[in-house]
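What follows is a predicted protein model with its sequence.
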Amino acid sequence: MVRIFAPSTSFYLGRIYTMKKVLTFIQAFLPFIVILALQMILIFVLSIIAGTQLISEQPDLASNQTLYKELISARASQMLPNAVMILHILNVIIMLFWFTRINKKDNTPGTSFKRSVTIKNIVMVTLIAIGIQCVITSGLNLINYMKPELLANYKALLDKAGITSSSVPGLIAATFLAPIGEELAFRGVTMRYLKKAGAGFWVVTILPAILFGVQHLNIVQGIYAAIIGFVLGYIMYKYDSIYLTILLHMIINTTSCITDLELLDTDNLTHILIMCLVGVIFSAAARYATITNPAVVPVETTSDTTQCA
């Protein structure tokens, strides 16, 4: 007599549970996709507006496609700082709604602002930011030492976005809006989904860091953004405070905007290595001084989730 294997109820429940974990893991990529989509839409809209303006001003310009494309690029670059600020405002609104909805649904309010942003934590986060900034500056100078054309292209991208100039919209976007929106997206929504999917420390911290780096869409900024993203992810994982990661992100971006990269350029390899060492010392000092744990509310990793629309 041949026995036919009949799966038990627990078997089917286990399969359903595993499938939900997989779907939750996939959902972790949605904030990254939304941010990239917003960037693509921004580029498309700017090109349409610039092209329409040029044709209305010079109707015969369309006959010279090469010149037409060059002028569209130049006109779009002029509008970019204001457009980037609008983009980041939209991102903050979307990610804040998304992050708040996840927390309410899973009953994980996280850590309060008052418990997170204490004097001690501000000092520690500032030390970490100084250390990171020294390491990043050393890395940029090393790139300039080895591949000066790569750093020149990177600076050109920052200039277009109005970050290295006195453009008020560009500075507001870089120092205030971007840290809020990006932290809500990558250390907030993405990390929440990964934890709910049962991912461990390395996946929860490294995957959002990589996505954070890729969304900058350039090699130089992408590499150091991923490193910063890992540090931010570590803080979020350990203290579960989005306020601390936003604060650290703001300080890093602000110091980057205030500090003129031209003044930091050096061809002396010894100076570069010393600056990198100083950054490591600052970061290590802040790490071992330890941020005050703001009474973390643990994230439940076994609850169900549905996609936030």
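Ah, there it is. Numbering: from 1, shown residues only.

Low-confidence regions, the stretch 101-250 of the chain specifically.
In the predicted model of the stretch 101-250 of the chain, residues 107-112, 158-166 satisfy pLDDT under 70.

State the helix or strand in which residue 70 lies.
With secondary structure defined by DSSP states H and E, residue 70 is part of helix 65-106.

just how off-centre is that helix within its chain?
The gap between where helix 65-106 is centred and where its chain is centred comes out at 14 Å by C-alpha atoms, centre = their mean, to the nearest Å.

Just after it, pick out the following helix or strand.
Counting by DSSP H and E, the element after helix 65-106 in chain order, helix or strand, is helix 113-116.

List the buried residues of that next one.
Going by neighbour count (16 or more other C-beta atoms under 10 Å), the buried part of helix 113-116 is 115, 116. Every residue, glycine included, has its C-beta placed from N, CA and C.

Who are the packing partners of it?
With contacts defined as 3 or more C-beta pairs under 8 Å, 6 or more residues apart in numbering; DSSP states H and E, the packing partners of helix 113-116 are helix 242-258.

what's the nearest residue to residue 125 if we skip its chain neighbours?
Nearest-residue entry for residue 125: residue 248, 4.7 Å, with adjacent residues in sequence omitted and distances by C-beta to C-beta, 6 or more residues apart in numbering.

mind listing what that neighbour touches?
125, 128, 129, 231, 232, 235 (C-beta atoms under 8 Å, 6 or more residues apart in numbering).

Phi and psi next, for residue 147.
Dihedral angles phi and psi of residue 147 (degrees, to the nearest 10) take the values phi -130, psi 80.

actually residue 52, not the one I typed
Dihedral angles of residue 52 (phi, psi; degrees, to the nearest 10) stand at phi -60, psi -40.

again, but for residue 198
With angles defined as degrees, to the nearest 10, residue 198 shows backbone torsions of phi 90, psi 10.

Next: residue 187.
Taking degrees, to the nearest 10, you get phi -90, psi -10 for the backbone angles of residue 187.

And for residue 34?
Backbone geometry at residue 34, expressed as degrees, to the nearest 10, gives phi -60, psi -40.

That one: neighbouring residues, count only.
The tally of other residues near residue 34 (other C-beta atoms under 10 Å) stands at 17.

again, but for residue 242
Residues near residue 242, counting by other C-beta under 10 Å, number 24.

now it: how far from residue 148?
38 Å (C-beta to C-beta, to the nearest Å).
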